[in-house]
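A.B. asks: everything below, folded, please.
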Amino acid sequence: MDTYKRLARLFKVLAHPVRLRILYALQNGDQYVDHLCLTLGRRQANISQHLAVLRQAGLVTACREGNRVRYCLPGKKVIQLLSSLSTVPRQAPVPKSQTVWVRCHCPRCQQLRAQAMRITILVTASDCGHRLQITVAWADEGQICLSIAGSCTAALNLGEALPPLDLVAELNKPLNETQVYTLAPDYLCRPSCPVPNALMETLQAVSRLAAPSASRVTFASEAANLPKG
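C.D. replies: Numbers count the residues shown, from 1 in each chain. Modelled structure (predicted):
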């Protein structure tokens with residue numbers, strides 16, 4: 001097969017938006033099939049079909065791990081090819097795709113959840129001197145619980161009133177419509193209390209699995225011994 005026929009065959013394989021999205025997703029690292037399904041919002045049969053076409057063209061490789069299959073790009077040539085197509089508009093990542101690990105059960109996402117559950121935030125209110133600790137707990141698929149410990153009874157009551165929070169939904173809402181800011185006035189003693197901001201920053205930190213570079217709260221690697229009330 002001459003060069004032009006091989007190129008025509010390659011471009012035919014690439015002439016599908018789902019296949020391009022798969023390749024761009026794998027550009028960030030190898031992924032399991034179920035993770036790709038959640039990232040792209042497609043059924044497994046559909047993703048598997050496109051992956052088979054990409055494998056046949058040599059654009060992806062597969063590694064079986066028990067009953068799971070992990071896919072990756074075979075080398076730098078595919079990344080270079082994607083870079084050469086960078087003038088093609090790419091779909092902007094949405095928060096749901098950035099937090100697939102919250103709902104995905106692949107081994108890598110389970111490790112990310114364990115990492116998220118170790119996030120601890122320490123808050124010291126400058127005007128009242130109360131010290132608080134916010135910790136994260138796993139609730140259900142796509143949901144987390146925020147717990148508050150420390151010296152402020154009002155903040156403790158707010159923590160007990162908070163239901164499990166849908167991480168993606170909360171971060172997509174206007175601030176005044178979030179569960180945190182809806183409940184805060186019923187429990188906190190003043191509008192300037194830093195607790196609601198700290199709770200939302202906790203959600204942001206969990207979604208990124210990292211502390212923000214600038215924050216009014218302190219991120220701690222281990223829990224501090226704070227008074228319970």
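
A.B. asks: how about the helices of the protein, start to end?
C.D. replies: Assigned by DSSP state H, the chain shows helices spanning 3-14, 17-26, 33-40, 44-56, 76-84, 95-98, 107-116, 153-161, 167-172, 179-187, 195-208.

A.B. asks: not counting sequence-adjacent ones, nearest residue to residue 147?
C.D. replies: Taking Cβ to Cβ, 6 or more residues apart in numbering as the measure, residue 147 lies nearest to residue 135, with 4.9 Å between them; neighbours along the chain are not counted. From N, CA and C alone the C-beta is placed, and that goes for glycine too.

A.B. asks: contacts only, for the one you found.
C.D. replies: For residue 135, the contacting residues are 119-121, 146-147, 149, 223, taking Cβ atoms under 8 Å, 6 or more residues apart in numbering as the criterion.

A.B. asks: pull out the buried residues from these.
C.D. replies: In terms of neighbour count (16 or more other Cβ atoms under 10 Å), the buried residues within these are 119-121, 146, 149.

A.B. asks: test for you: state the pLDDT assigned to residue 225.
C.D. replies: Predicted confidence (pLDDT) for residue 225: 43.

A.B. asks: so what's the residue lying closest to residue 163 once chain neighbours are set aside up against?
C.D. replies: Once flanking residues are discounted, residue 163 sits nearest to residue 179: 6.5 Å by Cβ to Cβ, 6+ apart. Residues near residue 179 by Cβ under 8 Å, 6+ apart: 162-163, 165, 170.

A.B. asks: for the protein, longest strand please?
C.D. replies: strand 131-140 (DSSP state E).

A.B. asks: for residue 17, give its distance to residue 24.
C.D. replies: Summarising the geometry, the distance separating residue 17 from residue 24, computed by Cβ to Cβ, to the nearest Å, is 10 Å.

A.B. asks: more neighbours: these two, which one.
C.D. replies: In this view residue 17 and residue 24 are compared by other Cβ atoms under 10 Å, and residue 24 has more residues nearby, 14 against 10.

A.B. asks: my read: the more buried one touches residue 82, true?
C.D. replies: Yes. Using Cβ atoms under 8 Å, residue 24 is in contact with residue 82, at 6.4 Å.

A.B. asks: wait, which of the contacts of residue 135 is closest to residue 184?
C.D. replies: residue 146 (12.4 Å; Cβ to Cβ).

A.B. asks: unless I'm mixing things up, the closest one is touching residue 198, no?
C.D. replies: No. Here residue 146 does not reach residue 198: they are 9.5 Å apart, not a contact under Cβ under 8 Å.

A.B. asks: where do the contact lists of those two overlap?
C.D. replies: With contacts taken as Cβ under 8 Å, 6+ apart, residue 146 and residue 198 have residue 134 as neighbours in common.

A.B. asks: I appreciate the help and will end here.
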